[in-house]
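Visitor: No sequence on hand, only this structure:
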């Protein structure tokens, strides 16, 4: 085999590997797991934040309609959901981090739920995320966007949806 043929084989192999790598990256960022036709709005209490470099996640317990407690399962434990955001660096640039969403923070977010019915979803993008002022929950049936002194993070609007613990956003003032 001459050097020209060897270079052609190597070039073809490198191209194939690059194509496979690109396909893997696209598959990793696929939204096929989420029901993009559904968008739910939750007001909940942060239980923890996972600052994974690929996708920051906020784990939260949805608040009941009275906004006095969190939804609980038959076992009495909070029904924790997860909302997946962008990567940690981008999320931090948007104002979403472990330090800005410590456990106990009340917030309102829109998400596209997982198709398999598990309690998780991808943040609606573009979609606003509202953080309530500390120790100031919204009125019954309302979200953090209705609370004086709220902090809006991100652009867009909250979706209207229904699910256990999910509440439609309150009308703008």
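Guide: Nice, I can see it. Values in this document were obtained by computation on a predicted structure and should not be read as measured data.
Visitor: Please point out which parts of stretch 124-136 sit buried.
Guide: 124, 127, 128, 129, 130, 131, 132 (16 or more other Cβ atoms under 10 Å). All C-beta atoms are positioned from the backbone trio N, CA, C, and that covers glycine.
Visitor: and which of those residues is nearest to residue 72?
Guide: Minimum separation from residue 72 among these (Cβ to Cβ) is found for residue 132, which lies at 20.4 Å.
Visitor: Low-confidence bits of this structure, can you list those?
Guide: Scanning the chain for pLDDT under 70 picks out 1-31, 161-173.
Visitor: Show me what residue 122 bridges to in the sheet.
Guide: On DSSP bridges, the residues paired with residue 122 through beta bridges are residue 84, residue 112.
Visitor: all strands of this protein, in order?
Guide: Applying DSSP state E to the chain gives strands spanning 40-50, 57-62, 81-84, 106-113, 120-123, 129-131, 151-153.
Visitor: mind listing what the nearest residue to residue 115 once chain neighbours are set aside touches?
Guide: Sequence neighbours aside, residue 35 is the residue nearest to residue 115 in space, at 5.0 Å (criterion: Cβ to Cβ, 6 or more residues apart in numbering). Residue 35 sits next to 112, 113, 114, 115 when contact means Cβ atoms under 8 Å, 6 or more residues apart in numbering.
Visitor: picking up where we left off before, tell me which of the strands of the chain is the most buried.
Guide: A comparison of the strands of the chain by mean neighbour count, using mean count of other Cβ atoms under 10 Å, puts strand 106-113 on top with a mean of 26.
Visitor: What angle do strand 57-62 and it make with each other?
Guide: Counting by axes from the mean of the first three to the mean of the last three Cα atoms, to 10 degrees, strand 106-113 lies at 110 degrees to strand 57-62.
Visitor: Mind giving me the packing neighbours of strand 106-113?
Guide: strand 40-50, strand 57-62, strand 81-84, strand 120-123, strand 129-131 (3 or more Cβ pairs under 8 Å, 6 or more residues apart in numbering; DSSP states H and E).
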